[in-house]
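**Q** predicted structure and sequence below. I'll ask about it afterward.
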Amino acid sequence: MQTDQKPSAPRSLEQWQTDAYFRILGVTLDANNTVKGGQKLLYLSGLAEELRDEGEKEPFLVTAHNLDRLLVARLTMESADPSMASSYPAAMLNATVFDYLLTCWRKASDVRKNLISRGKGDPTATNERVHAVDALRSLLVSYAGLILQMPDMFPQLETDPVTQKPRAIGSDQLASRLLNDPDLPEGLPDEFTLELISRFTGDGLESIFGPPLQAIADRMKQETIITDFRTPLRALTRLVEIKPFAAMLHTLPNWDPTPPPPVRVNPMQTQPPAEAPQLEVISLLGPFFRISAFPDDVPQVAETFFSHPDQRSRSDIESAVASIRGTMQVDRALISGDGIMWGLAEAGRGLCEPFIDVRGSKIDKIDTNYFRSTDRLNFKADTKINATQEESDAYYGSVTRTEGSAAKPASFITEIFYLTLTLMHLGPIRSYVNHNEFVRRLKEVLGQVNRIREDQSRWAGTPQGPLNELILKRASDSLSKMQAHKLAYDAHLLDPITLSNHMRFYNFVMSWVIRLADPKHNHPWTTVQLPLPDEIPEVFRMLPEWVMEDVLEFFIFVGRFGYEAHVLASNSTDELVTFIVTFLRSSKYIKNPYLKAKLVEILFFFTFPMYQGVPGDLDATLNSNPVALEHLVPAIMAFYVDVEQTGVSSQFYDKFNIRYNISQVMKTIWNHPTHRAKLREESQNTDRFTRFVNMLMSDVTYLLDESLSKLADIHRIQVEMGNAATWEAKTPQQRQEIEGNLRSLERQATSYVALGNETVHMLKYMTAEVVDPFMSPEIVDRLAAMLDYNLAQLVGPKCTELKVSKPEKYHFQPRVLLSELIDIYLNLSERKEFVLAVSRDGRSYNKAYFSKAANIMLRFSLKGQDEVVSLGRFVDRVEEAVKSGAEEEEELGDVPDEFLGNTIRAHLLGDTRDPFNRAPLTMEMVVPDDALKQRIQDWRSAARQK
């Protein structure tokens, strides 16, 4: 006889915190429950026996009065006890006591964060749980400080069980953590550091941090301006920003080392105390302040940068000085101002005017070997466009002259061109880059002021009010000063005449650089033929990378800050377009992935509409320049694929920004029939275009998923904040953390939605133009699944989770997005492969979603009646395919495991490396498994005959 099961009663606070403490500490008091959520728990048999003797009821509960006993019981367990090895992870058993406590603190912090960010229901219950976790965190910090002071307080292994070498315990083990990034597992989290300092201020703080701080100072003694001095400096900076720590510093014995007692030679004479040079080394902060480029302090600087000064030109020495100053990031008041560098650069540019005409009539007068042969300028050690340092040394070292002989005099055109190129690099271009950095800092200060003002109503009238008022005033004063400085910068840097003069110079430089890469060395007299040969000319490879970077930095500056100066409108833009297309079409000529990205960034800036209905400055040139008409589309499509793997750590996120820029450029040129024809032509190259389509598909899938999930999170927080009673019940700290999380989500959502919108739009118009590549077996099923999933998100039962306040703030237009998804369905609806792919999508496909979407299309006039009817016919064909597929699946039965899995072709669409050894791999290198193919065919035939 069945009986109704009663719903389980909600857990009490004591039950919840007991489970939480067990999970965090990795322990249990129940011998029959040593695994929780896949985590092995250590059974504390001794404590359990004590509690039984004391008459405690089982299951034992851990509360505030016995939490300390639980932690001490775990810490007093012998790590080397063999009985523990089989039931507990070795990594935790072998950890030092401090490492174990820090790991537990991190876990407790994660629990606390989840409670605050995901807390639902009774706010009182949430606060009680947070308080329980905070009690454990405080206890962990206390014992961490004690074990750092008294490492023998609890048993722990003093040798590493793997290497059998002695390991640092006590306060000595803090040094390596402080030198690491605080956000890494090997580092010391900033919040933990703050809690540790707060807990032990006046209670042994100097014994905890004194030894590791001395170790950091000792590390600093080993560093110079040309080595890694920033790591120990950052460690010290993070600590002294905490007021109690800074106040403690002067109490340390090595803050001001006592000089040794004087040694009396005779009654009238004493040995002098330690001199200043000794104090620089033996005092605590001396090693941090002695970093400089002075040769008395660091002889290596003189040896490295200024060897053989009598054999080097003044310009060469000035270049070395600039390198040192760049390393030091010195106060600009101590170095040559922008004015003199601008004056010199402008003088050189004026002397170049007679030979930098548009036709490049005297471009052949410039000696391409000047950098290699001159003594006036020396950039031999600079990074080259596409050469290693060893190759560069061999190239520049191969020029020999008779001892005592001078270099062959260069022509005036050659001398003044290279000098101006260098002066522009050291002067105006550096000013443009500095201006960009200054604007970034200005935005940070503006954001800080705005955040303080937004929170003013909350802290006004509180004890923190006067301090916050002072912070706001100082930040506002700083902001006002920076804004005034920006106006002064802009008055000089954004002068249209100056910018136009600089563009004319760099137009000539771009033609000259292409001429170096041109195998015929005849550009611009005869336009370069693309793509360039695989073999890169040596004279181009050995060019300093900054030559190309300066060109790009100039146009990026104009695109970001000088658009309204209409510089491009008053100058020829063919050189710029030819330059960009040349090195995107033959991107292997440029080694640095960031330089390639800047090529696309410039196209984005100058194709983005200036105002509503006003085209960008490059629109006309991109639609008329012969090089662009022939090569722009294949160039940016190839680069869209190439950025998948740039070789840098940030490639995953970089690619989305680059591809967003590419999508904007594609949208701009799409209306020109020649560009669309090039797309159709490129689609005939099946392998290359299918890779492009695969990347496009992957981006749409990821970006839409991230966009919609972030919007759902924003919706949840907005609902929570909209409930006044629930919101006011939270503590100020909880509200602050939730608001901070909301700001982070809003930034992410804005970025992802904007990127997703453009990628979906590109997918829409490309499927309208070419269909075959989207029907390949490796693509069509993923495409169908992606469309079905996002259709379900927009019109399915969870669509209400996407209703956010002010959706336009995040560029979120759900009806437009839905309309474009329906357009993609319609673009592909006549193809049987697509119909079958949709029918195979058992996860997201639902006929009802299409009916709801059709109603929305009609209600808001997003689609005409004919399009809705076409959509209905497509769904009918899918339903027929679903029925047929079900019958075939029933007919075939279970598919053997050996016939399942992705193909190597599908893998190579996203990654051109062998999945097993990461070696380069192409489809031409793959050997078909004909025997497996035959077995599959035989199995299908046999299954149908049953």
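**A** Perfect, I can see it now.
**Q** all strands of this structure, in order?
**A** Secondary structure of the chain (DSSP state E): strands at 27-28, 35-36, 39-40, 42-43, 264-266, 269-270.
**Q** for Ala635, the count of nearby residues, please.
**A** 25 (other C-beta atoms under 10 Å). C-beta coordinates here come from the backbone N, C-alpha and C atoms, glycine included.
**Q** now do the same contact list for it.
**A** 581, 584-585, 587 (C-beta atoms under 8 Å, 6 or more residues apart in numbering).
**Q** just among the residues you listed, which is most surrounded?
**A** Busiest of the contacts of Ala635 [other C-beta under 10 Å] is Val581, holding 26 neighbours.
**Q** pull the contacting residues for that residue.
**A** Contact partners of Val581, counting by C-beta under 8 Å, 6+ apart, are 530, 625, 627-628, 631-632, 635.
**Q** what about Glu808, neighbour count?
**A** Glu808: 7 surrounding residues under other C-beta under 10 Å.
**Q** residues contacting it?
**A** Contacts for Glu808 (C-beta under 8 Å, 6+ apart) come out as none.
**Q** now it: how far from Asn757?
**A** Applying C-beta to C-beta, to the nearest Å, the value for Glu808 to Asn757 is 12 Å.
**Q** shared neighbours of these two, anything?
**A** With C-beta under 8 Å, 6+ apart, Glu808 and Asn757 have no common neighbours.
**Q** so how far is Val719 from the residue nearest to Ala712 when sequence neighbours are not counted?
**A** Residue nearest to Ala712 in three dimensions, not counting chain neighbours: Glu801, with 4.3 Å by C-beta to C-beta, 6 or more residues apart in numbering. Relative to Val719, Glu801 is positioned 10 Å away (C-beta to C-beta).
**Q** the two: which is more packed in?
**A** Using other C-beta under 10 Å as the criterion, Glu801 and Val719 rank with Glu801 on top: 17 against 14.
**Q** check contacts around the residue nearest the centre of the chain.
**A** Nearest to the geometric centre of the chain sits Ser650, at 4.8 Å (C-alpha atoms, centre = their mean). If you count contacts by C-beta under 8 Å, 6+ apart, Ser650 has none.
**Q** do the same with Ser663
**A** By C-beta under 8 Å, 6+ apart, the contact set of Ser663 is 758-759, 761-762.
**Q** switch to 6 Å and redo it
**A** 758, 762 (C-beta atoms under 6 Å, 6 or more residues apart in numbering).
**Q** separation between it and Asn741?
**A** Counting by C-beta to C-beta, the gap from Ser663 to Asn741 is 30 Å.
**Q** if we can go back for a sec, pLDDT added to the contacts of Ala635, as TSV?
**A** Converted to TSV, the contacts of Ala635 look like this (pLDDT from 0 to 100):
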residue	pLDDT
Val581	97
Leu584	96
Arg585	95
Ser587	92
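**Q** what is the nearest of those to Leu236?
**A** Ser587 (42.9 Å; C-beta to C-beta).
**Q** correct me, but that closest one touches Lys596?
**A** Yes. Look at Ser587 against Lys596 with C-beta atoms under 6 Å: they come within range, at 5.5 Å.
**Q** quick revisit: so of the contacts of Ala635, which ones are in helices?
**A** Using DSSP state H, the subset of the contacts of Ala635 located in helices is 581, 584-585.
**Q** and the nearest residue to Pro626 once chain neighbours are set aside, how many residues sit next to it?
**A** Using C-beta to C-beta, 6+ apart and skipping residues adjacent in sequence, the residue nearest Pro626 is Thr527, 7.3 Å away. Thr527 is flanked by 16 other residues according to other C-beta under 10 Å.
**Q** what are the phi and psi angles of Thr527?
**A** Main-chain dihedrals, Thr527, degrees, to the nearest 10: phi -60, psi 140.
**Q** for Asp490, see how far away the spatially closest residue to Ala565 that is not a sequence neighbour is.
**A** Closest residue to Ala565 apart from its sequence neighbours, by C-beta to C-beta, 6+ apart: Pro496 at 4.2 Å. Going from Pro496 to Asp490 by C-beta to C-beta gives 12 Å.
**Q** between those two, what contacts are shared?
**A** Residues touching both Pro496 and Asp490 (C-beta under 6 Å, 6+ apart): there are none.
**Q** could you check the pLDDT of Lys809?
**A** Looking at Lys809, its pLDDT reads 90.
**Q** and Ala410, how many neighbours?
**A** By other C-beta under 10 Å, 18 other residues sit near Ala410.
**Q** coming back round to it: between the ones in helices among the contacts of Ala635, which is nearest Glu820?
**A** Minimum distance to Glu820 across those is 27.2 Å, recorded for Leu584 (C-beta to C-beta).
**Q** pull the contacting residues for Leu532.
**A** 517, 586 are the contacts of Leu532 under C-beta under 6 Å, 6+ apart.
**Q** next one: phi and psi at it?
**A** Backbone geometry at Leu532, expressed as degrees, to the nearest 10, gives phi -70, psi 160.
**Q** that one and Tyr21, how far apart?
**A** 66 Å.
**Q** okay then, goodbye and thanks.
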